[in-house]
Every structure is written in C-alpha cells, then in structure tokens.
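Enquirer: test case, fold it:
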Amino acid sequence: MRRREFLKTTGLAAGVAATGLESIVAARRAPAHAQGTRLHILRWVDFIPEADVELKRQAPEASKALGAEVVFEFINFNDLQPRITAAVQSGAGADIIMMLYNWPHLYASALVDVSDVAEPIGKAQKGYYDVFNVTSKVDGKWLAVPHGIVGNAIAYRRSWHTEIGVKEFPQTWDEWREVGRKLKAKGKPVGQALGHSAGDPPTFAYPLLWSFGGAEVDRTGKKVVINSKGAVEAVKFMQAFWKDACDEGGLAWDDTSNNRAFHSGEISATLNGASIYIVAKRQREKIRDEKGEPMVQDIEHAALLPKGPAGQFALYVPFQHSVMKYSKNMKLAKDFVKWLHQKENYERWFQVNEGYSVGSTKTWEEHPMWSRIDRPLQVFRQAARQSRMLGYPGPASAKATESYTKYIVVDMFAKAVQGMKAEDAVKWAEGELSKIYEG
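Expert: Residues are numbered from 1 along each chain as shown. Now for the predicted structure:
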C-alpha cells in the first residue's frame with residue numbers, strides 16, 4: 001500500500017472510531033458528501049450567550065466528524081421568520097433552520113421529512129414532550145427534529161414584594177393586579193412587552209386569553225369563536241391591569257427590553273424565561289440592586305402565570321431544526337442533527353443553559369444538573385409538560401401560525417390598552433381571524 005493510501009485509510013478509521021458513525025463502517029466507504037462541503041445552520045441569538053458559545057465551540061468537532069465544514073449563523077429572534085420566508089421564496093439559504101412554535105406547519109411544503117432522524121432520538125430518550133407531537137409533526141411526518149423548549153415564569157423581586165406584605169406570589173390575575181397597583185405606586189411597576197416581538201408578548205397574551213375562557217377558534221380549528229364573553233373579559237382585565245400595574249412603555253418593548261428593565265431595577269416583575277436570573281448570576285459583579293448587592297440574591301420565580309376564571313395556562317416556546325428541501329446537502333444535514341443529539345454533544349449545550357432551554361425529550365428531566373442548579377431555576381425542570389400551543393383548543397396549523405405571525409391576539413390587547421373599547425378590540429380580532437381561518 002502506498003503511503004498516501006495508508007494515511008487516507010487509517011485517517012478514515014480514526015474518524016469513524018472517534019465519531020461512532022456506524023453507517024460509514026457498514027458501507028465500508030467514506031460519506032457520500034465530499035470533504036469541503038459546507039453545512040449552514042441558521043439559529044437565533046440565544047438569551048444565554050454561553051449557549052451560542054458552546055455551539056460555536058462544537059462546530060469544528062462536527063466538521064471533523066462529518067467531513068464537512070459546519071457553520072452556525074446566529075441572528076436576532078425577530079429576524080428569524082423573515083429569513084425563513086425569504087429562503088423559501090428564493091429557494092436558497094441555510095441548509096438547516098431553527099423553527100419555533102408550530103412554524104413547521106406554515107412552511108411544510110419547503111421542509112424535508114426527517115422522521116428517520118426524529119423517531120430514533122425520541123425512542124432512545126423516553127419520548128418527546130407532547131407539545132412536539134403538535135409542533136414538529138405535520139400529517140404524521142416529522143418535518144422538524146425537536147431540539148429544546150424554553151419555559152417561562154414570572155421573575156420578580158422578592159424584597160420589593162415583601163415590603164408591601166406579599167410573601168407568596170399572587171395566585172390569581174385579580175390578586176396580581178392589586179399587588180402590581182401597590183408596587184407601581186412606589187415606582188416599581190410590572191414590566192410586560194406588548195409589541196411585535198416573537199416571544200414575550202404572545203407567551204403572555206395567549207394564556208391570558210385562555211384563562212378567561214377565550215380562544216381564537218373552536219376545537220375543529222375551522223370556526224372563529226374569539227368574539228365571546230371570555231375574550232371580552234380578558235381584554236377588560238388587561239386594560240385595568242395595564243393602567244394600574246404596568247409600565248405603559250411596554251407597548252414598544254421587544255423580548256430584550258424587559259430583561260434590561262429588570263436588571264436596571266426599573267420593574268418589579270415580568271414574564272420571562274430563566275435568562276434574567278442566569279445572566280444576573282453570571283454577571284453578579286455588574287448587575288446589582290439599589291443596595292449594591294448582587295441582584296441575583298433577590299430574584300425569585302413564580303412557576304406559572306396567574307389563574308383566571310377558566311383556569312391556569314402556559315405557552316412555552318418549542319425549538320426545532322428543519323432541513324430545507326432546497327438544500328443540496330440533505331443527507332449531511334440529517335447526519336449533523338444526529339450528531340448534535342448524541343448524548344455527549346447535546347449534554348454540554350444542555351448544561352450550559354442551566355434550565356433556560358430544557359431538553360426536548362423526557363430523559364433530560366433526570367439529568368444530575370437539576371440537583372446542582374439554584375432553587376429558583378428548579379421551576380423549569382418539568383415546564384415542557386405544561387405548555388399549550390398556538391391555535392389551542394384547536395389543532396396546531398399553518399393558519400394558527402399565520403395568526404401568530406400577524407400578532408392578532410397581541411394586537412387585540414394592545415389596541416385595548418391604548419383606548420379602544422374591549423368589545424371593539426375583540427370584534428377587530430374576529431375580523432382579522434376570519435380572513436385567515438374562514439376566508
């Protein structure tokens with residue numbers, strides 16, 4: 001054997017041993033994708049910066065394992081969906097794109113069936129959470145591989161609530177309104193984004209609507225039912241809550257605004273993922289309270305939004321990876337997702353998150369990390385079990401995603417807090433939803 005052939009052969013064997021890619025061994029040949037192929041993955045800029053750092057760190061490892069250049073691109077949360085739309089329309093762009101909520105339903109015709117990747121991962125890891133069977137599966141096919149889910153909870157200043165005699169966070173919306181009224185009077189309002197931003201506004205607005213018995217559509221997903229007593233009551237409550245308890249500048253906030261306001265000591269509470277706590281912990285020398293102490297020591301979490309007349313609900317943010325049909329590297333893309341979900345690779349990313357992005361499968365609830373992280377982060381351990389999804393109580397669908405994309409439910413509340421009568425705001429939403437569901 002010539003020296004060059006020997007080096008090629010032994011180099012390949014070492015790569016196989018290092019990566020555990022049994023398919024290469026079985027085929028007795030190198031992967032179909034040649035070295036030098038570039039795999040482009042598009043994701044959001046994470047609210048836990050270290051999570052993106054870890055993925056960037058793993059990119060060279062993945063490149064070596066797969067024999068191709070693996071490149072991550074991170075963009076602003078609110079720029080993600082426009083980029084997806086542009087890529088689909090042009091037939092060119094990233095090979096793998098992060099999908100949120102039930103976006104796979106909206107872009108179904110442009111996505112590759114990845115059931116052969118998703119099903120083995122779920123089977124090996126005690127199954128996916130129910131929410132992913134709704135978001136990632138379309139007509140019985142997995143059009144995205146679930147990657148994680150961001151739970152949310154109300155982050156609040158413990159000492160400020162204690163000052164007004166509140167030892168336990170309010171359990172009902174009316175109780176929170178009263179607590180918020182007292183805190184706002186002291187210059188410490190509730191902070192809530194209510195603008196066109198993909199995360200915080202909808203994860204607040206939809207559960208509020210549901211908790212008063214309102215919904216966009218019925219269980220069939222075909223009949224618009226938002227013009228109801230429950231929806232009107234939800235909007236009336238929001239009008240009063242906004243005036244009495246909230247920082248009214250929230251109409252212009254995006255998903256980063258409440259984080260900054262909280263860390264600056266401007267608000268007493270806000271609906272958010274674990275990022276407010278984690279960033280305050282990791283920047284404890286920088287983020288301090290009015291006494292000069294590390295603010296993280298005064299941050300607590302309430303597990304769910306308060307109860308309404310119809311119950312207590314949550315809308316969390318599932319994340320998935322879809323392979324695009326226009327990609328010239330479909331097999332490579334699937335191989336990368338498999339590699340990403342190998343225990344040793346996924347585990348490093350999972351632990352960096354400390355409960356912000358939790359696993360997409362139930363096996364990660366049992367990870368030793370949960371016994372080590374701070375008590376206020378423990379509320380996120382089983383958060384993924386509690387989420388409803390866009391379109392509830394109807395099915396997740398492209399139409400439910402279109403409604404979300406157009407911010408109809410969010411705008412219904414926003415219009416009302418700006419002065420529109422509750423009944424008129426609900427009627428406006430009915431008209432907009434009818435164009436989508438019944439048009």
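Enquirer: which residues touch the most centrally placed residue in the chain?
Expert: A centroid search over the chain (CA atoms, centre = their mean) returns residue 317, at 2.8 Å, as the residue closest to the centre. Residue 317 makes contact with 100-101, 149-150, 152, 199, 203, according to CB atoms under 8 Å, 6 or more residues apart in numbering. (Each C-beta comes from the backbone N, C-alpha and C, glycine too.)
Enquirer: where do the strands sit along the stretch 301-439 of the chain?
Expert: Using DSSP state E, counting those that start in this stretch, the strands found in the stretch 301-439 of the chain span residues 317-323, 357-359.
Enquirer: right, and those strands - which one's nearest residue 299?
Expert: Closest approach to residue 299 among those (CB to CB): strand 357-359, 18.8 Å.
Enquirer: alpha carbons of stretch 60-74, as CSV, please.
Expert: This file holds the C-alpha atoms of stretch 60-74, laid out as CSV (Å, rounded to 0.1, in the frame of the first residue of the first chain):
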residue,chain,number,x,y,z
PRO,A,60,-15.1,22.3,14.5
GLU,A,61,-15.8,18.9,16.2
ALA,A,62,-18.8,18.4,14.0
SER,A,63,-16.8,19.4,10.9
LYS,A,64,-14.2,16.8,11.7
ALA,A,65,-16.7,14.1,12.4
LEU,A,66,-18.8,14.7,9.3
GLY,A,67,-16.0,15.6,6.9
ALA,A,68,-17.6,18.9,6.0
GLU,A,69,-17.4,22.5,7.2
VAL,A,70,-20.2,23.2,9.8
VAL,A,71,-21.1,26.8,10.1
PHE,A,72,-23.5,28.4,12.5
GLU,A,73,-25.2,31.7,11.8
PHE,A,74,-27.0,33.5,14.7
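Enquirer: any idea of the mean pLDDT for it?
Expert: Averaged across stretch 60-74, pLDDT comes to 97.
Enquirer: could you do stretch 96-111 as well?
Expert: pLDDT averaged over stretch 96-111 gives 97.
Enquirer: quick check: buried residues in that stretch?
Expert: Using 16 or more other CB atoms under 10 Å as the test for burial, stretch 96-111 gives 96-108, 110-111.
Enquirer: rewinding a little: which of the contacts of residue 317 lies closest to residue 268?
Expert: Using CB to CB, residue 152 comes nearest to residue 268 of these, at 16.9 Å.
Enquirer: residues contacting the closest one?
Expert: By CB under 8 Å, 6+ apart, residue 152 lies in contact with 200, 203, 271-273, 314, 316-317, 383.
Enquirer: kindly recompute the last result at 6 Å.
Expert: Applying CB atoms under 6 Å, 6 or more residues apart in numbering, we find residue 152 in contact with 203, 271, 273.
Enquirer: that one and residue 198, how far apart?
Expert: 13 Å (CB to CB, to the nearest Å).
Enquirer: same question for residue 232.
Expert: Remark: distance between residue 232 and residue 198 (CB to CB) = 26 Å.
Enquirer: next: residue 378.
Expert: Here the criterion is CB to CB. By it, residue 378 lies 27 Å from residue 198.
Enquirer: look at the two and report which has more neighbours.
Expert: residue 198 (22 against 14; other CB atoms under 10 Å).
Enquirer: the more buried one looks like it's in a strand, true?
Expert: No. Residue 198: not assigned to a strand; according to DSSP: H, G, I helix; E, B strand; the rest coil it is coil.
Enquirer: pretty sure it sits against residue 80.
Expert: No. Between residue 198 and residue 80 no contact is recorded; they are 7.4 Å apart, counting by CB atoms under 6 Å.
Enquirer: could you tell me which residues make contact with residue 369?
Expert: Residue 369 sits in contact with residue 351, where contact means CB under 6 Å, 6+ apart.
Enquirer: pLDDT of stretch 145-165, averaged?
Expert: For stretch 145-165, mean pLDDT rounds to 97.
Enquirer: with stretch 275-290 instead?
Expert: For stretch 275-290, the per-residue pLDDT averages 97.
Enquirer: for residue 419, grab the count of nearby residues.
Expert: 8.
Enquirer: now do stretch 128-135: everything it contacts.
Expert: Applying CB under 6 Å, 6+ apart, the contact partners of stretch 128-135 are 102, 122, 146, 318, 360-361, 384, 387, 389, 396.
Enquirer: 8 Å instead, please
Expert: Outside of stretch 128-135, the residues within contact range by CB under 8 Å, 6+ apart are 99, 101-105, 118, 122, 136, 144, 146, 149, 316, 318, 320, 360-362, 384-385, 387, 389, 395-396.
Enquirer: partners of the closest residue to residue 169 other than its chain neighbours in the sheet?
Expert: Nearest residue to residue 169, sequence neighbours excluded (CB to CB, 6 or more residues apart in numbering): residue 302, at 3.9 Å. For residue 302, the beta-bridge assignment (DSSP bridges) gives partners residue 154.
Enquirer: as a check, name the ranges of all strands in the stretch 151-300 of the chain.
Expert: 153-157, 269-272, 299-302.
Enquirer: just name the most buried of those strands.
Expert: Of these, the one with the most neighbours on average (mean count of other CB atoms under 10 Å) is strand 269-272, at a mean of 26.
Enquirer: contacting residues for residue 126?
Expert: Listed by CB under 8 Å, 6+ apart, the contact set of residue 126 reads 361-363.
Enquirer: ranking by neighbours, what's the top pick from the residues you listed?
Expert: Most neighbours among the contacts of residue 126, by other CB under 10 Å: residue 361, with 22 neighbours.
Enquirer: that residue touches residue 145, doesn't it?
Expert: No. Look at residue 361 against residue 145 with CB atoms under 8 Å: they stay out of range, at 10.9 Å.
Enquirer: got the confidence number for residue 271?
Expert: Note for residue 271: predicted pLDDT of 97.
Enquirer: the closest residue to it other than its chain neighbours: what's it in contact with?
Expert: What sits nearest to residue 271 in space, not counting adjacent residues and going by CB to CB, 6+ apart, is residue 204, at 5.1 Å. Going by CB under 8 Å, 6+ apart, residue 204 touches 192-194, 271, 305.
Enquirer: let's go with 10 Å and repeat that
Expert: Residue 204 makes contacts with 152, 154, 192-194, 238, 250, 270-272, 305, 315, 410, 413, as judged by CB atoms under 10 Å, 6 or more residues apart in numbering.
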